[in-house]
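**Student:** From the sequence below, what's the structure:
(one chain, ligands or ions: 1)
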Amino acid sequence: MRSIAGIAILFVALLHVWGWSTLSLPQGPGPAGSLDARVRQFLENRRGTWHSLNVPTSDGQALYNIIVDHKYTKALEIGTSTGHSGIWIAWALSKTGGRLITVEIDRSRHEQALANFREAGLTDYIDARLGDAHEIVPSLPGPFDFVFCDADKDWYTNYLKAVLPKLSAGGCFAAHNVSERGWGGYGREFLEYARSLSYLETTFVRGGSGMSVTCRKAGR
Ligand SMILES: C[S@@+](CC[C@H](N)C(=O)[O-])C[C@H]1O[C@@H](n2cnc3c(N)ncnc32)[C@H](O)[C@@H]1O
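**Tutor:** Down below sits the predicted model:
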């Protein structure tokens, strides 16, 4: 009798574990699963080889989490470089059904990013533009619900000003290398401006290279 109860408990426990593992691994067999495997493999192969001012893995993971947690779909990245952060952002957007516009001024970095996006299997989620973000960003119609700013630091405040009219309520503007204590004079100026607007709220991602996340309050 005892052994039957034991087997029943074991069976229920196995079902439980199976249920959790399938829940926490959204990629089953099929296209989504293949994409996950391809992106993971790409990131694994490239680990430690990102040397063009790219974000560290922990910041890439943080970007991924923010997008998936908030179900953001309309993303903009300012400063593609060779595409490390773009890959994390686009991977997250493959989960939410979204798309990324990313802007880079340097031709060779832009071309390397295009090759990386292809290799990772993420081209369908990315519109990579070559040009000066000072001109491109104000000309984009939007709307955006997630912006990752990682280009010329002395222009962060201007980028925020250009993007704010196109940032959806509940949307966020993440600024790389901006920590709670500011970041040189530019980070301080950027934070002062962001904090001066009552409809915005700024928090910080700890660890990595420092990142502020300024969100437009819901309904504002
Ligand atoms: C810190 S890197 C971006 C790293 C990238 N986000 C990543 O993690 O893979 C900054 C990039 O911004 C680009 N950049 C600087 N000023 C720019 C501008 N005005 N317009 C577009 N890109 C610019 C630089 O060429 C550089 O590749």
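
**Student:** what mean pLDDT would you report for the helix or strand where A175 lies?
**Tutor:** Here A175 sits within strand 167-176, counting by DSSP states H and E. The average of the pLDDT scores along strand 167-176 is 97.

**Student:** elements contacting it?
**Tutor:** Counting contacts by 3 or more CB pairs under 8 Å, 6 or more residues apart in numbering; DSSP states H and E, the secondary-structure elements packed against strand 167-176 are helix 57-70, strand 144-149, helix 156-163, helix 184-196, strand 211-216. (Glycine included, C-beta is placed from N, CA and C.)

**Student:** List the buried residues for it?
**Tutor:** Across strand 167-176, burial judged by 16 or more other CB atoms under 10 Å covers 167-168, 171-176.

**Student:** re earlier: kindly reformat the helices and strands packed on strand 167-176 as JSON lines containing mean pLDDT.
**Tutor:** Output for the helices and strands packed on strand 167-176, formatted as JSON lines (pLDDT from 0 to 100):
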{"stretch": "helix 57-70", "mean pLDDT": "97"}
{"stretch": "strand 144-149", "mean pLDDT": "98"}
{"stretch": "helix 156-163", "mean pLDDT": "98"}
{"stretch": "helix 184-196", "mean pLDDT": "88"}
{"stretch": "strand 211-216", "mean pLDDT": "96"}
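
**Student:** quick one: strands adjacent to the strand holding A175?
**Tutor:** Note on strand 167-176: by DSSP bridges, its sheet partners are strand 144-149 (parallel), strand 211-216 (antiparallel).

**Student:** Tell me which residues are up against the last one.
**Tutor:** When contacts are taken as CB atoms under 8 Å, 6 or more residues apart in numbering, the neighbours of strand 211-216 outside the stretch itself are 59, 62, 66, 160, 164, 167-180, 190-191, 194, 199-205.

**Student:** does the ligand sit close to it?
**Tutor:** No: contact of strand 211-216 with the ligand (CB under 6 Å from any ligand atom) is absent, the minimum separation being 11.0 Å.

**Student:** Kindly calculate the angle that that strand makes with helix 57-70.
**Tutor:** 20 degrees (axes from the mean of the first three to the mean of the last three CA atoms, to 10 degrees).

**Student:** Poorly predicted segments of this protein, please.
**Tutor:** Scanning the chain with the threshold set as pLDDT under 70 gives 1-32, 182-185, 220.
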